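Asker: generate coordinates for the sequence data below:
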Amino acid sequence: MIPLFTARTRFLAGAALACLVLGCLVGCKASEPEPKWIRKSVEAENDRLLIDVTALALQKSGFPVGAGIDPGNLTVLSGWHTSLAPFRGEGWREQCEVRYAKHAPRHYEVSIRVRRDKNDDLVHPLDITYAQWLPQEDDVDRSRAVMQHIRSLLETDVKVEEKP
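Answerer: Have a look, this model is predicted:
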């Protein structure tokens with residue numbers, strides 16, 4: 001009778017452990033914060049100019065431009081701009097996402113968000129291969145900076161005063 005009781009006890013202990021692990025995996029996972037998009041209207045001659053200006057604006061803002069450019073869908077996803085720090089939680093990385101919606105010929109709505117993660121690795125915070133990225137709130141100020149670069153590069157109504 002002891003072996004049966006031991007088997008039952010092992011089964012119940014294993015089931016309790018499985019429930020605990022499953023509950024922790026579901027409940028302990030860091031949730032993604034709500035995206036914060038910045039939206040403005042812009043004018044551009046064509047889609048190609050818009051994509052080129054966006055790539056230039058991302059470079060000026062410090063984001064690497066990689067294979068995330070999709071001219072067909074009018075979307076641009078930058079690479080990660082990473083800044084590691086020697087202390088836990090002070091290193092970070094950011095990625096910029098730009099989307100365009102065409103409303104009329106030459107009129108677009110641009111939506112920008114800058115996603116931000118922090119490095120929570122304690123042992124090797126300066127080694128990117130050990131980084132443990134935790135989602136943070138979007139960087140709205142950085143989104144505004146990218147938006148300003150795009151708008152200033154597209155501005156065609158600049159008046160120049162000549163001195164007599």
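Asker: in stretch 125-141, what's buried?
Answerer: P125, A131, W133, Q136, D138, D139 (16 or more other CB atoms under 10 Å). Any C-beta I mention is one placed from the backbone N, CA and C, and that applies to glycine too.
Asker: which of those residues lies closest to H107?
Answerer: Relative to H107, the closest of the buried residues of stretch 125-141 is D138; by CB to CB it sits at 25.8 Å.
Asker: hang on, that closest one in a helix?
Answerer: No: read with DSSP: H, G, I helix; E, B strand; the rest coil, D138 is coil and lies in no helix.
Asker: can you pull the contacts of the residue nearest to it when sequence neighbours are not counted?
Answerer: Closest residue to D138 apart from its sequence neighbours, by CB to CB, 6 or more residues apart in numbering: K36 at 4.1 Å. K36 makes contact with R113, E137, D138, V140, S143, according to CB atoms under 8 Å, 6 or more residues apart in numbering.
Asker: look at K36 and tell me its secondary structure.
Answerer: Taking three-state DSSP, the label given to K36 is coil.
Asker: now for the buried residues of stretch 125-141, which pair is the farthest apart?
Answerer: Maximum pairwise distance in those, criterion CB to CB, is 22.6 Å, between P125 and D138.
Asker: sec struct for the most centrally placed residue in the chain, please.
Answerer: Centroid check for the chain by CA atoms, centre = their mean gives R115 as the closest residue, at 2.6 Å. Assigned by three-state DSSP, the conformation of R115 is strand.
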